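# Here is a sequence with its predicted model. Questions after.
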Amino acid sequence: MSPAVACRVWWAAADDHRPELDALLGPAEAVRRDRYARAADRRRFTVSAALLRLAAARELGCAPQEVPVVRDCPGCAVPHGRPRVGGPVHVSVSYAGQAVAVAVSTGAAVGLDAAEAPAGGPPPASLAALERALRPEERAELGEAPERMRPGMLVRWWTYKEAVLKATGDGLRVPPTDIGVSERSGSARLTAYPGRPELLGGGAVLRSAGASLTRLFPAAMASVAFLVDRGTRVDHVRGEDGRELLGTVAAR
């Protein structure tokens, strides 16, 4: 049987912050938290950092404080890089308004991106910005879709691109216009990525994580990207209520 990748996406809200969660943060995470000027942003970061440690600890079989989280940046000494925990466990974090999401994958590098997707669609200015990130072939595909479906497609394609950039670790170093996605085949696939041809033949797997958050955050959309070896399959992307996990942290 071919190797399989499993992923859980844990959801919580910035308002789930409690003082006892601060004790879970490591020194570098505390430094990053304190760099935020707004108290609301500090609380949201604390929730995400605590949820990441709690979720990764379940997979690693250790205490949350023992999870070896690394957040170094390849371009500077500030600890604001993507989180990594090492071993067979891979993690990714994203925000969408009040929503906090943490993906934990076993067996493949993972990238997660969440975005606000209100029922009436994003405002025109946001849609225009998303359209500017499209490649010519993506514009053509978008133009073939019914008009009512286009706002959702634009947000979804953006989350796919951001998820892939997080999975590779390239982030803002690669412009979104250099990344191509398509849903012509009925499922999302990567069609362009500069300098990484191995990702285009099945080396990158794109999945929606939307079903995992509809109940908690109906006005949000999320996608995950996995970097896999040939023959590796992605078994499932399972949504989990992160508030229950946060609730296991005892008050000091």
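Structure's in. What do you need? Numbering: from 1, shown residues only.
# what separates L24 from E131, distance-wise?
According to CB to CB, to the nearest Å, L24 stands 40 Å off from E131. Placement of C-beta: from N, CA and C, glycine included.
# I figured R32 hits R71, correct?
Yes. At 6.8 Å, R32 counts as touching R71 under the criterion of CB atoms under 8 Å.
# L24 and E131: who's more crowded?
L24 (21 against 13; other CB atoms under 10 Å).
# Contact partners for that one?
By CB atoms under 8 Å, 6 or more residues apart in numbering, the contact list for L24 reads 49-50, 53-54, 64-65, 249.
# Can you list which of those are found in helices?
49-50, 53-54 (DSSP state H).
# I'd like to know which of the residues you listed are buried.
Among those, those classed as buried by 16 or more other CB atoms under 10 Å are 49-50, 53-54.
# Give me the lowest-pLDDT entry from the contacts of L24.
Among the contacts of L24, V249 has the lowest pLDDT, at 90.
# any idea of the pLDDT on the closest residue to it other than its chain neighbours?
Excluding its sequence neighbours, the residue lying closest to V249 (CB to CB, 6 or more residues apart in numbering) is E20, at 5.3 Å. On pLDDT, E20 comes in at 94.
# Following element in sequence after the helix or strand harbouring W157, please.
Taking DSSP states H and E as the definition, W157 sits inside helix 150-168. Next helix or strand after helix 150-168 toward the C-terminus (DSSP H and E): strand 180-182.
# what's the helix or strand following that following strand packed up against?
Sequence order places strand 189-192 as the next helix or strand after strand 180-182, per DSSP H and E. If you count contacts as 3 or more CB pairs under 8 Å, 6 or more residues apart in numbering; DSSP states H and E, strand 189-192 packs onto strand 180-182, strand 204-208.
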